[in-house]
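Q: fold the following.
(6 chains)
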4 protein chains.
Amino acid sequence: MKPNNNMKQNILIAATDLITKNGIKNTSLADIANSVGISKGTLYYHYSSKDDIIFSIADSHLNIITDAILNCVQNIKTESPKDKIVEFIINKITTIESTGRVHMYLICEAITGNEPLKERIRVKYIQWRNTLKSEIEKSFIDNKESSEALSFLLISIVDGLVIQSLLKTEKLPYENIATFLINKWY
Amino acid sequence: MKPNNNMKQNILIAATDLITKNGIKNTSLADIANSVGISKGTLYYHYSSKDDIIFSIADSHLNIITDAILNCVQNIKTESPKDKIVEFIINKITTIESTGRVHMYLICEAITGNEPLKERIRVKYIQWRNTLKSEIEKSFIDNKESSEALSFLLISIVDGLVIQSLLKTEKLPYENIATFLINKWY
Amino acid sequence: MKPNNNMKQNILIAATDLITKNGIKNTSLADIANSVGISKGTLYYHYSSKDDIIFSIADSHLNIITDAILNCVQNIKTESPKDKIVEFIINKITTIESTGRVHMYLICEAITGNEPLKERIRVKYIQWRNTLKSEIEKSFIDNKESSEALSFLLISIVDGLVIQSLLKTEKLPYENIATFLINKWY
Amino acid sequence: MKPNNNMKQNILIAATDLITKNGIKNTSLADIANSVGISKGTLYYHYSSKDDIIFSIADSHLNIITDAILNCVQNIKTESPKDKIVEFIINKITTIESTGRVHMYLICEAITGNEPLKERIRVKYIQWRNTLKSEIEKSFIDNKESSEALSFLLISIVDGLVIQSLLKTEKLPYENIATFLINKWY
DNA sequence: CATGAATGAGGGTTCATTCAT
DNA sequence: CATGAATGAACCCTCATTCAT
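A: The predicted model follows:
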């Protein structure tokens, strides 16, 4: 509503868009400013550095995932728990074009020397895994070692399938994968 | 044997080393030349461009993985198949510091606009998955849909665990994960 | 008295403080506005440009020195003149941290292309030297050439010792210098 | 003779020239490259940073002064010592347009946050003063306190007169100043 | 074979200044 | 009076690439 937030939002949207298309290292501040239709100086009025923009994108992105996981976990109580988690995984991957790319680019940036970003992501991963683990324990696996292992595996599967999706290796057989997971993981 | 190959090898090793440490975008040709102890001009005598070097690293790296998978598959015949595959996965991840980083950096580069690299990797991923799938079918799953799903999942799990390892989220409980996979995947 | 003057004074004080710490070129208008707790726009309401602020600082600073010199000269009449002048010199230098830095920074700025500032300072230097010279003539040196030479020398000594002090070459032996000057300059 | 040194020398000369005219902060690398007739990239091939260039200028400049002082001191043995030192001072100042400006600009830069430069200059100042002091002791002042005080004063006078010269306050009466110093400082 | 030298396009960043509200 | 927002020129620096020798 306020004109203030508008411009910051515009920049964030344009930056996210460009980075989604070309990656972080291939997106210059000039590109972003250009895309928004402002000068580089204006960009620096709203964000103090390129990292600042990246962090902002990361925070927004990481929160979206956190919300999705929490939402997924809450629904579990009323329905068949396994199905819900698998559904979440598949859902997550099929929306790759919009969020999966950003996710991978942020991880690339993080493990390539951007330590503050790495720390941010690290914290979230731990949080996500713990959320999943305690839900798994409560719902359908009564074994600490197993629930922990599964929590690591679930997150790995999402990230791994995203990579394969982005590489466009082949059309992923979501249905088969979902069925397999549901049947085998008890 | 010829000094030519020696120098090309030296460059490749130094480049791989630097890229493993700092990532592709953070490794300049000057860094590589410097590390080898030659001039940038000489570097260009052996490789026609930075991409040329990256392709070379990628080829070498992808072949190593292919060999490992083939090796893994051959051993399956004589031993308990599940154990062998799981062992491979865990092995792959515990050697992350040396090959996992390069793997992720190459994937990052590939999905960030380096189309020729992406194509190279894509081809290998398909090959790897097909190898795994046909082995799974032969050995312990008599169902096309399931074996396909599992082949996608196995590759995902490796990549996904590599990511978590690189993010240093937490110490990965390899033993638990291995046990869980072996027990649940029948 | 009016709130106007208050704000102008506040800006001046903050600007002087920052410039004393970091130098003119390393002090931005944003820094000053920030330090005062106002916006850059407001800063421009009170001062028309960065140079305007610098001139204001310079005027204030130059007046302080002028007053000190006049004060020094007036006291001479009643006391031993040499002692008084030497005392002034030493005094001037021992307060370097607060005023000496600004003095040097202003001179740097002046001789680096800021012509209006240079002119302002030039005028003051001439005035100071003339004041000293006529006082020297009246008090203890009955020779035009000598008194003129000494007036140049006195000012040089102050500036030169300030430089050595700012460079923190070594602890300046003020006592020895004072004694030497008093004993030799008759 | 070698083309190597030629370009480095050319850059150094052009940079010194520009900085002498406009000061360090007002001389951009683009200006220097432009003046030499090369690209900015070439500039960075020969010098690793702007500071690198500044240090080079500083080293060259400081060495010139050191040589002059040593030369001055050596001549003292055969001639009237006071005259020689005074002559040196006056000489130093009358050549201001070429070296005095650079001297002041380097000092400005040093005391405005360029710590490595400050340290370089600091070391030289101490060395210069010690050289002067021990010479004074040997030649014409048999008193440790006095010789030390005088060494500080001599250096101050040079720097101080350089400032007045650069401010173009008035034409400096070199003859009178020289006469005064020689007559009074015994 | 190998190199030193040169390049130019582009990167992120800073900052004095302007102006509508 | 005061401000937030916007600007654009300039700054230092990086780097893949080229080429004469």
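
Q: centroid residue for chain A?
A: For chain A, the residue sitting closest to the mean C-alpha position, by C-alpha atoms, centre = their mean, is residue A:103 at 4.6 Å.

Q: may I see the buried residues of the worst-scoring helix or strand of chain A on mean pLDDT?
A: One helix or strand of chain A scores below all others by mean pLDDT, DSSP states H and E: helix A:81-94, with a mean of 74. Across helix A:81-94, burial judged by 16 or more other C-beta atoms under 10 Å in any protein chain shown covers A:81, A:82, A:84, A:85, A:86, A:87, A:88, A:89, A:90, A:92, A:93. C-beta: built from backbone N, CA, C; applies to glycine.

Q: so which elements touch that helix?
A: If you count contacts as 3 or more C-beta pairs under 8 Å, 6 or more residues apart in numbering or on different chains; DSSP states H and E, helix A:81-94 packs onto helix A:50-76, helix A:115-139, helix A:144-166, helix A:174-184.

Q: next, the angle helix A:144-166 makes with the second one.
A: The one in question is helix A:115-139. 130 degrees (axes from the mean of the first three to the mean of the last three C-alpha atoms, to 10 degrees).

Q: burial measure for the residue of chain A found nearest DNA strand E, as a count.
A: In chain A, no residue comes nearer to DNA strand E than residue A:28, which is 3.1 Å away by C-beta to the nearest atom of the strand. Neighbourhood size, residue A:28 [other C-beta atoms under 10 Å in any protein chain shown]: 13.

Q: how near is the residue in chain A positioned nearest to DNA strand F to residue D:109?
A: Nearest to DNA strand F, among the residues of chain A, is residue A:41, at 1.9 Å (C-beta to the nearest atom of the strand). The span separating residue A:41 from residue D:109 equals 27 Å under the rule C-beta to C-beta, to the nearest Å.

Q: who's more crowded, those two?
A: residue D:109 (23 against 8).

Q: hmm, who's touching the helix or strand hosting the more buried one?
A: Using DSSP states H and E, residue D:109 falls within helix D:101-111. Here helix D:101-111 makes contact (C-beta atoms under 8 Å, 6 or more residues apart in numbering or on different chains) with C:23, C:101, C:104-105, C:107-108, C:111-112, C:163, C:166-167, D:16, D:19-20, D:23-25, D:54, D:57-58, D:61, D:65, D:117-118, D:120-121, D:159, D:162-163, D:166.

Q: helix/strand/coil for the residue of chain A closest to DNA strand F?
A: Secondary structure of residue A:41, reduced to three states by DSSP: H, G, I helix; E, B strand; the rest coil: helix.

Q: got a pLDDT number for it?
A: For residue A:41, the pLDDT comes out at 95.

Q: any idea which of the buried residues of helix A:81-94 is closest to residue B:183?
A: residue A:82 (16.2 Å; C-beta to C-beta).

Q: from residue B:176, how far out is the closest one?
A: From residue A:82 to residue B:176 the distance is 19 Å (C-beta to C-beta).

Q: same question for residue A:135.
A: Taken as C-beta to C-beta, the span from residue A:135 to residue B:176 is 18 Å.

Q: neighbour-wise, which of these two wins?
A: Neighbours were counted for residue A:135 and for residue B:176 using other C-beta under 10 Å; residue A:135 has more, 23 against 18.

Q: how about the more buried one: what's its closest non-neighbour residue?
A: Excluding its sequence neighbours, the residue lying closest to residue A:135 (C-beta to C-beta, 6 or more residues apart in numbering or on different chains) is residue A:73, at 4.8 Å.

Q: just give the number of residues close to the one you found.
A: Using other C-beta under 10 Å, the number of residues around residue A:73 comes to 20.

Q: give me the residues contacting the least confident helix or strand of chain A.
A: With C-beta under 8 Å, 6+ apart as the test, helix A:81-94 has contacts from A:65, A:68-69, A:72, A:75-76, A:99-100, A:132, A:135-136, A:139-140, A:154, A:157-158, A:161-162, A:165, A:172, A:174, A:177-178, A:181-182, A:185-186.

Q: report the buried members of these.
A: The buried subset of those - by 16+ other C-beta under 10 Å - is A:65, A:68-69, A:72, A:76, A:99-100, A:132, A:135-136, A:139-140, A:154, A:157-158, A:161-162, A:165, A:172, A:174, A:177-178, A:181, A:185.
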